[in-house]
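Q: Sequence and computational prediction follow.
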Amino acid sequence: MLRFCRFIPILLVVPAFAETADLVVSAGYVVTMDSSRRVIENGAVAVRGTRIAAVGTKAEIEKRFEAKQRMDNPGGILIPGLINTHTHAPMALLRGIADDMRLQDWLEKFIFPAEAKNVTPEFVRWGTRLACAEMLLSGATTYADMYYFEEIIAEATKECGMRGILGQTVIGFPVADAKTPADALKRAEAFLERFRNDDLIVPAIAPHAVYTNSDETLKASRALANKFNAPLLIHLSETKKENDDLDAKRKMTPTKLLDSLGALNGRTLAAHGVWVNADDLRVLKDRRVGIAHCPSSNTKLASGIAPVMKYLAADIAVGLGTDGPAGSNNDLNLFEEMDLAAKMQKVTSMDPVTLSAEQAFEMATLRGARAVGLEKEIGSLETGKRADFVFVRTDAPHATPMYNVYSQLVYALKGSDVQHVVVNGRVVVRDRRVLTLNVPQVLQKAAEYRKAVAASVRVTR
């Protein structure tokens, strides 16, 4: 019987010739996603502090390092932490409030009313805890977010031990944390200042979309982002209606409008990008905009299918996102997004070789890191990068046998196969137990919020 991931404290005198590591992890396969795309059989990673000290075969690493702690999974796979490039995390508390509806009906009849009556700092805190627990247990170590009371989201994310690119929302009507766009911009500036040098949080500003903000607000958001060298997060061309409405009013696409305002001149992460034309693609490439592709959301809301292969052909940084878990997608599982992303492109092109498993996995790791502007820090297992990685078990019937590691990860393995998770050199999930949260308490609070939300709006059955 295989032994999975035993944690063995080491209390030895370190020989003079050996280097000290805080943690050495080993697995049957180490999927590095480095420039050579090495998959190391019987591989290992040494960690010192928050960073990776070395990557190699188990024999090489054990010869070089003495470890204070070891994690060994001889039958499993070690992968870089997955990166969710678009979420609205606290909306986990609104999961399933209304489904099988058009986007505008869903927003105007359910989401906006439910948020107006329920969203408070504590709602956001518990919703973020619930979302982080779900993401960690399905292998995500980093996520990009856009919501209200983003400083509370940052606090909860740090508490959970996750990495976040977190955007304070700016929107053109009164919301839970700001009555006007000017108020939201002030909140955003305070948020950017507070978390500007944080080890886990990348603070950002998030003007919701071109159709919910004025030109002046979009320009002000860009100026504030650039003042702090921070990312700007925005929804972009999610639906055909968004494009058609803007074309009717201004004879422009959302991408062209943002570019004309200078709003793409700086670090930018755009969610969806479903309805983009050839000129838009050139602008997005020239401005080095990252794209968050959300396949489950785009299919569930019938928004369309993003031209992922055109993004890849242009070498645009496109990652994978789940979107919010309140109805546009009812979970935060990136294993599902990898699988669906590959299959959607195949059926759209009517070509089964389109978007390979390796390409889909790259979107969830290294290319996703590029999309959020952190490719020098995360997305692959390489010396000097942050120690963010995930152990995936392969001893279940659906995971056996294995011939190709990328095919197994994308088409066969599930989020529930994640066993251990390390973020920034810290073990945050061990044997599917989240070490940084009281999960039963989180679930109890979610049940309490469910009653309050259901009482405040007419929930569909």
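A: That came through fine.
Q: Am I right that V428 falls within a strand?
A: Yes: assessed with DSSP: H, G, I helix; E, B strand; the rest coil, V428 lies in a strand.
Q: Helices of the stretch 201-350 of the chain, start to end?
A: For the stretch 201-350 of the chain, the helices defined by DSSP state H, counting those that start in this stretch cover 215-227, 240-250, 254-260, 278-286, 295-300, 308-313, 334-349.
Q: let me redo that: the stretch 1-150 of the chain
A: Going by DSSP H, counting those that start in this stretch, the stretch 1-150 of the chain shows helices at 58-64, 103-106, 112-118, 121-137, 150-160.
Q: Could you export the fourth one as PDB, CA atoms only?
A: What that stands for is helix 121-137. Taking Å, rounded to 0.1, in the frame of the first residue of the first chain, the C-alpha atoms of helix 121-137 are listed here in PDB:
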ATOM      1  CA  PRO A 121     -18.300  43.700   6.400                       C
ATOM      2  CA  GLU A 122     -19.100  40.600   8.300                       C
ATOM      3  CA  PHE A 123     -21.000  39.100   5.400                       C
ATOM      4  CA  VAL A 124     -18.000  39.700   3.300                       C
ATOM      5  CA  ARG A 125     -15.600  38.200   5.900                       C
ATOM      6  CA  TRP A 126     -17.600  34.900   6.300                       C
ATOM      7  CA  GLY A 127     -18.200  34.700   2.600                       C
ATOM      8  CA  THR A 128     -14.500  35.000   1.900                       C
ATOM      9  CA  ARG A 129     -13.600  32.400   4.400                       C
ATOM     10  CA  LEU A 130     -16.100  30.000   2.800                       C
ATOM     11  CA  ALA A 131     -14.700  30.700  -0.700                       C
ATOM     12  CA  CYS A 132     -11.100  30.400   0.400                       C
ATOM     13  CA  ALA A 133     -11.800  27.000   2.100                       C
ATOM     14  CA  GLU A 134     -13.400  25.800  -1.200                       C
ATOM     15  CA  MET A 135     -10.500  27.100  -3.300                       C
ATOM     16  CA  LEU A 136      -7.800  25.700  -1.200                       C
ATOM     17  CA  LEU A 137      -9.400  22.300  -1.100                       C
END
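Q: what angle do that helix and helix 334-349 make?
A: Counting by axes from the mean of the first three to the mean of the last three Cα atoms, to 10 degrees, helix 121-137 lies at 70 degrees to helix 334-349.
Q: if we look at helix 121-137, which residues are touching it?
A: Helix 121-137 is contacted by residues 84, 87, 89-93, 143, 147-149, 152-153, 155-157, 159-162, 325, 331-333, 415-416, 418, 421, 428-429, 432, 434, 437, 439, 442-443, 445-446, 449 when judged by Cβ atoms under 8 Å, 6 or more residues apart in numbering. Every residue, glycine included, has its C-beta placed from N, CA and C.
Q: Drop the exposed ones from those and show what's left.
A: Among those, those scoring as buried are 84, 87, 89-93, 143, 147-149, 152-153, 155-157, 160-162, 325, 331-333, 415, 418, 421, 428-429, 434, 437, 442, 445-446, 449 (criterion: 16 or more other Cβ atoms under 10 Å).
Q: Of all the helices of the stretch 1-150 of the chain, which one is nearest W275?
A: Across the helices of the stretch 1-150 of the chain, W275 has its closest neighbour in helix 103-106 (13.0 Å, Cβ to Cβ).
Q: how about the closest one: buried residues?
A: Within helix 103-106, the residues that count as buried by 16+ other Cβ under 10 Å are 103, 106.
Q: likewise stretch 285-293?
A: Neighbour-count burial for stretch 285-293 flags 287, 289-293 (criterion: 16+ other Cβ under 10 Å).
Q: Can you tell me which of those residues lies closest to S356?
A: H293 (15.3 Å).
Q: hang on, the earlier thing: looking at the helices of the stretch 201-350 of the chain, which is closest to R458?
A: Counting by Cβ to Cβ, R458 lies closest to helix 295-300 out of the helices of the stretch 201-350 of the chain; the figure is 20.8 Å.
Q: Which strands or helices does that closest one pack on?
A: Counting contacts by 3 or more Cβ pairs under 8 Å, 6 or more residues apart in numbering; DSSP states H and E, helix 295-300 is packed against helix 334-349.
Q: Could you list the residues in contact with the helix it packs on?
A: Under Cβ under 8 Å, 6+ apart, the answer for helix 334-349 is 82-84, 138-140, 293-296, 299, 305, 308-309, 320-322, 352-357, 359-361, 363-364, 409-411, 413-415, 417.
Q: I'd like the mean pLDDT over it, please.
A: Mean pLDDT, helix 334-349: 97.
Q: and what of stretch 196-215?
A: The model assigns stretch 196-215 a mean pLDDT of 97.
Q: got the buried residues for it?
A: So stretch 196-215, judged by 16+ other Cβ under 10 Å, has buried residues 200-213.
Q: And the furthest pair within these?
A: Checked with Cβ to Cβ, those reach their widest spread between L200 and Y211, with 32.3 Å between them.
Q: residue ranges with poor pLDDT in the stretch 51-200 of the chain?
A: Within the stretch 51-200 of the chain, not a single segment meets pLDDT under 70.
Q: Quick check on the contacts of helix 334-349: which are buried?
A: 82-84, 138-140, 293-296, 305, 308-309, 320-322, 354-357, 359-361, 363-364, 409-410, 413-415, 417.
Q: Which members of the residues you listed occur in strands, if any?
A: Among the buried ones among the contacts of helix 334-349, the ones falling in strands (DSSP state E) are 82-84, 140, 293, 320.
Q: which two in the residues you listed are spaced the farthest apart?
A: A140 and H293 (15.1 Å).
Q: Got the domain ranges for the protein?
A: 6-80+389-423, 82-371 (automatic domain parsing).
Q: Nearest to G379 among those domains would be which one?
A: Here domain 82-371 is closest among these (Cβ to Cβ), at 2.8 Å.
Q: show me what contacts the closest residue to I61 other than its chain neighbours?
A: Distances taken as Cβ to Cβ, 6 or more residues apart in numbering place A44 nearest to I61, at 3.8 Å, with adjacent residues excluded. Shown in contact with A44 (Cβ under 8 Å, 6+ apart): 24-27, 30, 55-58, 60-62.
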